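**Student:** got a predicted structure plus its sequence, pasted below:
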Amino acid sequence: MAKEDSGRKLLADNRRARFNYTISESIECGIELHGTEVKSMKSGKFSFSDAYAIVKNDELWLVGFHISPYPMGNLFNHDPDRPRKLLVHKQEIKRLKRKSEERGLTLVPLNFYLKRGMVKLEIGVGQGKKLYDKRESIKSRELQRDAQREIRDRY
């Protein structure tokens, strides 16, 4: 769990989303969580590899997001795979709905972090990459790594 400069404590980063999607923009959202879900999130017991956001009834929902039950929660534990409401301004929801319907873009979670004690989420508007785009990004990443290795070995 790395600490960032802006008072945010990073809980998890979705590096796979940046590999599979071309992210055009991102927005910060709050998540509506129940009591034991917050404790599970703070301890890192969650998975969002298949998660995505949808707009339903003029509300933004996070689907496919799994939060493991809190071990000490007993009777008050939550449903691990329930859809969770995202807290965003109404104008942003309308704009995201237009983008996702018209252009076929997807809303994917990029990272989860704590900000002033609250769990926040960064949602990215992304378009799926083709196979040749993925190969190109792998190639550029390897070239960058080789260049850094050469610089390091030279000095």
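**Tutor:** On my side now, so go ahead. Residues are numbered from 1 along each chain as shown.

**Student:** what does the one helix or strand in the chain whose mean pLDDT sits lowest contact?
**Tutor:** Within the chain, no helix or strand scores below helix 15-20, which has a mean of 84 by mean pLDDT, DSSP states H and E. With CB atoms under 8 Å, 6 or more residues apart in numbering as the test, helix 15-20 has contacts from I23, S49, V108, P109, L110, G124, G126, G128, K129, K134, S137. Heads up, the C-betas are built off the backbone N, CA and C, glycines and all.

**Student:** which one (most neighbours) among those residues?
**Tutor:** Greatest neighbour count in those, by other CB atoms under 10 Å, goes to P109: 25 neighbours.

**Student:** can you map out the helices along this protein?
**Tutor:** 15-20, 35-42, 90-102, 131-154 (DSSP state H).

**Student:** now stretch 89-103, how far from the chain's geometric center?
**Tutor:** Relative to the chain's own centre, stretch 89-103 is displaced by 18 Å; criterion: CA atoms, centre = their mean, to the nearest Å.

**Student:** next: stretch 102-116.
**Tutor:** 5 Å.

**Student:** what of stretch 131-149?
**Tutor:** 23 Å.

**Student:** buried ones in that stretch?
**Tutor:** Within stretch 131-149, no residue is scored as buried using 16 or more other CB atoms under 10 Å.

**Student:** what does it rub up against?
**Tutor:** F19, N20, T22, K129.
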